[in-house]
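S.K.: Fold the stuff below for me.
(chains A and B)
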Amino acid sequence: MSDTVTMPLAKALNSALREAMRADEKVLLMGEDIGPLGGVFRITDGLHAEFGGDRVLDTPLAESGIIGTAIGLAMRGYRPVVEIQFDGFVYPGFDQIVSQLAKMTARHRGAVAMPVVIRIPYGGHIGAVEHHQESPEAYFAHTAGLRVVSPSTANDAHWMLREAIASDDPVIFLEPKAKYWSKGEVLPEPTAGLHRSVIARSGTDVTLIGHGAMVHVLLQAAEIAEHEGTSCEVVDLRSLSPIDWAPLVESAQRTGRVVVAQEAPGHVSVGSEIAATVAERAFYSLEAPVLRVSGFDAPFPPAQLEDVYLPDADRVLAAVDRAMAY
Amino acid sequence: MTEPIQLLDADGRTVETDANAEWRELADQLTTDDRLAMHGEMLRTRRFDIEAGHLQRQGKLGLWVPSLGQEGAQVGAAWAAREQDTLFPSYREHLLALHRGVDMLQIIDTFRGARHGGWNPLEMRGMRIYSLVIATHALHATGYAMGIRLDGTCGTGRPEADEAVMAFYGDGAASQGDASEGLVFAASYEAPIVFFVQNNKWAISVPSHRQSRFPLHERARGFGVAAAWVDGNDPLASFAVTRRMLDEARQGRPGYVEADTYRMGAHTTSDDPTRYRTSEEEESWRRRDPIARLAAHLRELGVDDAALAEQDQQATDLAADMRRRTLEAESAVSDDIFDFVYSEPHPLMEEQKQALAEFEASFGGDA
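M.R.: Numbers count the residues shown, from 1 in each chain, chains lettered A, B, ... in the order given. Predicted coordinates for the structure are as follows:
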């Protein structure tokens, strides 16, 4: 990007892929239907035409095969960027991710890097059938050797993907598919590192923490709370592994109250880790326990029930009220 | 194919048929000195293997994985591969590792619990490290071969320069989805790879007919991958068939070699084969031992017993040296837990490494 341009998040990803491929001929794209079709979400639109089938590989329909061969290509010096079609389809490749990709560098005592990015469109709010709306981030954040990130804006989508591709470590890149068509400015330069959390909105009474599409729910909740006289600070996590603790802890120390929200089920989740660590590090500043707002600990429901299952601004505000009541 | 390709029978006598003429011609590339060297590698592997088993029984290794009986298949493959080829082993390919220059102690390091991967493959003439989760590396090998194709370092018609890859696994691994997906990707991308499948008849306790009711090499053909079936206890046949399949693969025609062999030892030192197979079966395969077979062939070629005895002594000495060095080998250090997890700096690794160091230091210098 040479100038600030306003574009949908999906286009910001597309331009990041294009620029990365132009900058480094070792960058390859692999995935199902990513060639002439441009992917089911059109994130790779036009790339097959520009770079050809040797750099934009329409693969056989086998996730373990895609990730396993991406590992072999990385051993050969390539930098594969894998597209998993939907969140719920990543599990056939799970062993290759957690037992192979994540551990390969350690197994080689650092002699072999694994610059592989796995892009996964994730999360709900699109009214889709089963396996198409899940939030699998905890599995990956729990796995040593992986880096896990999730942008919430077009600018972050673009620059975090560029940084993920430049990383010599494997990165699970979780794309908030419900926000693919939300427009935002993409700046000429990155403004924060890949693993930095940022303050998306300043406030003084309660800290709201989230990632991906949830950040927009938190901003909406903060707006409503403002009208009701409660000032909420919103922290956009951006990186789920490693987590950039300083901005979270400092915000908690300022406000004394923290609500962490996510679409994923709450049991043993990223939100659980945040609650525990913030409680550890900001204990003497807290006026209330860290509260979690999550998807329920049940399988993602049929689409008619997704709005009941997914935390919305009202559920976040109910937690804000509980935090303020302490 | 009704029988595996064979050039030496169980007694080491040359088998000459119309069907094996093309393979005999390929094996003729091996001089008597080559064949003697192959025998030496097999003996060296066998002595190493037996000594490592003893070390495990004496509590010096956590586990040992013997390759007893499979040396013939492996030595053929080792000599068939050209210097520019890259080899992706499972965890029982000791001969191949030694052939490519891996130190015995580097293999031992994995099994004495000092490190996961025993060596740096970038320094080991294309020998990748062992892979413990069955068949996962079939995909890594295929991806690597796809990379060779993208690099344009195969398919030029010059076998002495064109690169190829071998993936080694067994009859049990053939049931894994990753083995099938490797075949799918290899065929789709015309990857320069040969899957070398040592059918050693037992996947721990489960016989190969439970893995497949259909010959494995026939299965490969269904994926569009050329296949051959070879007597894996015949080093010359293993060489000839693998050389041909590899030279086809380096022109973009992936291949599959099913080597008919037998795991004469246990799966690992934790296994007890007496619970699931008969001593008669084991004895019948002992009579087909690949080392004895090649030794008989060498005698027929006029190699004298002194040369074979000298190889035996060298192998025994190397194994003894391995034992001595194993007993003197240093232990892993705590920093190893953290230092190689990521290629780039990572705050959790730094924090936890420091915290562990401080915790250990808190017990004082004499702890």
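S.K.: pLDDT weak spots in chain B?
M.R.: B:1, B:365-367 (pLDDT under 70).
S.K.: quick one: contacts for the spatially most central residue of it?
M.R.: For chain B, the residue sitting closest to the mean C-alpha position, by C-alpha atoms, centre = their mean, is B:Glu93 at 2.3 Å. Shown in contact with B:Glu93 (C-beta atoms under 8 Å, 6 or more residues apart in numbering or on different chains): B:Ser67, B:Gln74, B:Leu87, B:Tyr130, B:Phe168. (Glycine included, C-beta is placed from N, CA and C.)
S.K.: and if you look at B:Phe223?
M.R.: Counting by C-beta under 8 Å, 6+ apart, B:Phe223 has contacts B:Ser180, B:Leu183, B:Val184, B:Ala186, B:Ala187.
S.K.: How about the residues of the stretch 151-300 of chain A by chain B?
M.R.: Counting by C-beta under 8 Å from any C-beta of the partner chain, the residues of the stretch 151-300 of chain A close to chain B are A:Ser167, A:Asp168, A:Asp169, A:His195, A:Pro242.
S.K.: now the fourth one: how far from B:Val65?
M.R.: It stands for A:His195. Distance of A:His195 to B:Val65, given as C-beta to C-beta, to the nearest Å: 39 Å.
S.K.: neighbour count winner among those two?
M.R.: A direct count of neighbours by other C-beta atoms under 10 Å in any protein chain shown for A:His195 and B:Val65 places B:Val65 higher, at 26 against 22.
S.K.: secondary structure element for the more buried one?
M.R.: If you go by DSSP states H and E, B:Val65 is not part of any helix or strand.
S.K.: wait, what's in contact with it?
M.R.: B:Tyr91, B:Arg92, B:Phe111, B:His267, B:Thr268, B:Thr269 are the contacts of B:Val65 under C-beta under 8 Å, 6+ apart.
S.K.: just these now: which is nearest chain A?
M.R.: Chain A lies nearest to B:Tyr91 out of the contacts of B:Val65, by C-beta to the nearest C-beta, at 12.4 Å.
S.K.: and the nearest residue to the closest one once chain neighbours are set aside, how many neighbours?
M.R.: Using C-beta to C-beta, 6 or more residues apart in numbering or on different chains and skipping residues adjacent in sequence, the residue nearest B:Tyr91 is B:Tyr130, 4.3 Å away. Using other C-beta under 10 Å, B:Tyr130 has 25 neighbouring residues.
S.K.: Likewise for B:Asp28?
M.R.: 10.
S.K.: For it, give me phi and psi.
M.R.: phi -60, psi -20 (degrees, to the nearest 10).
S.K.: roughly how far apart are it and B:Val241?
M.R.: Distance, B:Asp28 to B:Val241, by C-beta to C-beta: 14 Å.
S.K.: quick one: buried residues of stretch A:288-295?
M.R.: For stretch A:288-295, the neighbour count (16 or more other C-beta atoms under 10 Å in any protein chain shown) marks A:Ala288, A:Val290, A:Leu291, A:Arg292, A:Val293, A:Ser294, A:Gly295 as buried.
S.K.: how about the CA coordinates for the strand or helix carrying A:Ile165, as PDB?
M.R.: A:Ile165 is part of helix A:154-166, with elements assigned from DSSP H and E. Output in PDB follows, covering the C-alpha atoms of helix A:154-166 (Å, rounded to 0.1, in the frame of the first residue of the first chain):
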ATOM      1  CA  ALA A 154      -9.200  -4.100   7.300                       C
ATOM      2  CA  ASN A 155      -5.900  -2.400   8.200                       C
ATOM      3  CA  ASP A 156      -4.900  -5.200  10.600                       C
ATOM      4  CA  ALA A 157      -6.100  -7.800   8.100                       C
ATOM      5  CA  HIS A 158      -3.700  -6.400   5.500                       C
ATOM      6  CA  TRP A 159      -0.700  -5.700   7.600                       C
ATOM      7  CA  MET A 160      -1.000  -8.700  10.000                       C
ATOM      8  CA  LEU A 161      -1.200 -11.000   7.100                       C
ATOM      9  CA  ARG A 162       1.900  -9.400   5.600                       C
ATOM     10  CA  GLU A 163       3.700  -9.900   8.900                       C
ATOM     11  CA  ALA A 164       2.400 -13.400   9.300                       C
ATOM     12  CA  ILE A 165       3.800 -14.400   5.900                       C
ATOM     13  CA  ALA A 166       7.100 -12.700   6.800                       C
END
